[in-house]
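Enquirer: Turn this into a structure:
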Amino acid sequence: MIVCLVESVLNEHNQKLEWIVGKWRSEFSGKIFWPTVPTMTFGEELVINEAPIAKSANVQFLNFSARAWSHSTKDHFHDEWGFLTVDPVGNATLMTTGNNGFTTYETGTVSPNKLVLTLKDIGRISFSRDLPVEDLRRTFIRHDDRYMEQVIEMRTATHPKVGYLEHTRVVYTKLK
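Expert: Alright, predicted model coming up:
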């Protein structure tokens, strides 16, 4: 049995994600790349821990939160909140909402020390100023007990025409 930060046990499906559970932080290793914006460096804190089981659904989720800021100015970039789970056949689902006006529904596969999610649906507020995101792939890779990397690749209405472009890459250190 795997013990979470809140002194709870992950169910057999979510045990596949035990390596991602915890508090992860990067002060300045995050990089933003996109053809229409200058390349920037950012910091981010990612917290993934067990959420209480909603008895109506009887599904165990993990809480997911991320907060990003500019490395140089310390200005707040965005927050992302959501839930992560693995179903009985091993498929992962991440549902997020952010203070940038986006809500995402991503699904994918879990393997030892790696989680790859692709966009299945996205919602945005009607007055969002960002280019419409048409596709997204989010990859988490745990390199060892201390370091984990997240890469987000995407496609918008204008870039690229097919496939993905890397948008962000960040290497986190696990906090005690």
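Enquirer: low-confidence ranges in this structure?
Expert: Applying pLDDT under 70 to the chain picks out residues 1-8, 131.
Enquirer: Dead centre of it: give me the residue that sits there.
Expert: Geometric centre of the chain, nearest residue: residue 138, 6.7 Å, by CA atoms, centre = their mean.
Enquirer: list the contacts for that residue?
Expert: With contact set as CB atoms under 8 Å, 6 or more residues apart in numbering, residue 138 has these partners: 94, 106, 108, 116-118, 150-152. All C-beta spots, glycine's among them, are computed from the backbone N, C-alpha and C.
Enquirer: Of these, select the buried ones using a PyMOL command.
Expert: Buried subset of those, written as a PyMOL selection, criterion 16 or more other CB atoms under 10 Å:
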select buried, resi 94+106+108+116+117+150+151+152
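Enquirer: In a markdown table, list the contacts of residue 138 along with secondary structure.
Expert: What follows is those, written out as a markdown table (DSSP: H, G, I helix; E, B strand; the rest coil):
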| residue | secondary structure |
| --- | --- |
| 94 | strand |
| 106 | strand |
| 108 | strand |
| 116 | strand |
| 117 | strand |
| 118 | strand |
| 150 | strand |
| 151 | strand |
| 152 | strand |
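Enquirer: helix/strand/coil for the residue nearest to the centre of the chain?
Expert: Classification of residue 138 using three-state DSSP returns strand.
Enquirer: How about residue 17?
Expert: At residue 17 the chain is in helix, as set by three-state DSSP.
Enquirer: next one: residue 160
Expert: coil.
Enquirer: Begin at 275 from now on, thanks
Expert: Yes, from this point I'll number from 275; that puts the last item at residue 434.
Enquirer: Give me the neighbour count for it.
Expert: Other residues near residue 434 come to 11 when the count uses other CB atoms under 10 Å.
Enquirer: any idea how far residue 304 is from it?
Expert: 22 Å (CB to CB, to the nearest Å).
Enquirer: same check, this time on residue 437
Expert: 23 Å.
Enquirer: more neighbours, these two?
Expert: Legend: neighbour count by other CB under 10 Å for residue 437 and residue 304, higher for residue 304 (22 against 9).
Enquirer: Not counting its neighbours along the chain, what's nearest residue 309?
Expert: Spatial nearest neighbour of residue 309, excluding adjacent residues (CB to CB, 6 or more residues apart in numbering): residue 433 at 5.1 Å.
Enquirer: The helix or strand containing residue 393 pairs with which strands, parallel or anti?
Expert: Here residue 393 sits within strand 388-398, counting by DSSP states H and E. Sheet pairing of strand 388-398 (DSSP bridges) gives strand 376-385 (antiparallel), strand 407-416 (antiparallel).
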